[in-house]
Structure formats: structure tokens, C-alpha cells
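> Structure of the sequence below:
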Amino acid sequence: MAWKRSRVRIPSGPPFNFGLTAPSFDSGLETLAAFDQFPQQIRINDDDVICQTFEDEIVLFQLRNQQYYSLCAVGAHTWRLLADNGDVAQVAERLCADYTGDPAAIRADFSEFLREILSAGLIRAV
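The predicted structure is shown next:
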């Protein structure tokens with residue numbers, strides 16, 4: 001069975017970009033409210049995901065569906081933060097500290113990133 005390539009599409013607005021594509025994104029209060037709907041603690045789905053770093057990019061291979069995902073530098077940094085500290089709120093605050101930009105927009109982009117990787121089965125609630 002051949003690998004299927006999949007890209008985690010992450011909405012973002014300048015200067016913050018998690019993923020491979022950067023469509024325009026309007027961060028509003030409803031997005032921030034959605035951020036609260038995520039589990040407080042997550043874990044990388046180690047039983048189903050193989051992770052490999054290539055320079056500033058991370059490639060993830062999901063064993064269950066034989067798809068692989070590629071994360072750019074910001075997405076890779078976020079992935080490492082999630083792997084090191086599964087506390088979603090702490091990771092969001094760290095991202096706001098690490099990057100310049102509107103904290104609400106950073107949190108909104110992070111929320112969308114979480115939504116994408118949760119739905120792809122790359123992370124799971126603890």
C-alpha cells in the first residue's frame with residue numbers, strides 16, 4: 001500500500017503561520033471561545049504516529065491510515081511544545097511569548113492547528 005501524502009492546512013494571518021498554506025484568517029471572539037473546547041491536556045498519539053525532523057520541518061507518518069503530514073518551522077515548534085508539555089493553555093501562552101503578533105490571532109491559529117491535528121488523529125486527549 002502506497003503512502004498518501006496529506007498536508008495539515010492551517011489558517012493563519014501574518015506574521016504567524018503554523019502550516020504549509022496561509023489563507024487569510026479572521027480571528028474573532030468565537031474562535032477564542034472554541035479554544036476553550038479543547039482538552040486541557042493532550043498527548044502525541046505515539047502508538048500511531050512516527051515523527052521525523054528535517055532541518056526546521058517535521059514530517060509525521062500515521063501508521064493507521066498510512067498518511068504523512070508535513071509541518072513548517074512554526075508548526076514544528078508547536079509540535080515540539082505539545083510533545084514536551086501537553087498542557088494546551090501553557091503551550092498557547094508560550095507561543096504568544098515566542099512570536100510577535102496579536103496574541104488573539106496566535107491563539108486562534110493555534111486553536112485551528114489543534115482542531116486539524118486532533119481530527120487527523122495525530123494527538124489525543126489525556
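
> tell me the pLDDT at the residue nearest to T53 when sequence neighbours are not counted?
Nearest non-adjacent residue to T53, counting by C-beta to C-beta, 6 or more residues apart in numbering: A76, 7.0 Å away. The way it works is simple: take the backbone N, C-alpha and C, and place the C-beta from them, glycine included. On pLDDT, A76 comes in at 93.

> quick one: A76 is in a helix?
Yes. Checked against DSSP: H, G, I helix; E, B strand; the rest coil, A76 lies within a helix.

> count of neighbours near it?
21 (other C-beta atoms under 10 Å).

> ok, A76 - contacts?
T53, D56, E57, I58 (C-beta atoms under 8 Å, 6 or more residues apart in numbering).

> cutoff 10 Å now
F18, C51, T53, F54, E55, D56, E57, I58, V59, L60, S70 (C-beta atoms under 10 Å, 6 or more residues apart in numbering).

> Need the worst-confidence member of these.
F18 (50).

> what pLDDT does the most centrally placed residue in the chain get?
What sits nearest the mean C-alpha location of the chain, by C-alpha atoms, centre = their mean, is F113, with 3.7 Å. Looking at F113, its pLDDT reads 91.

> Just the element for it, please.
helix 103-119 (DSSP states H and E).
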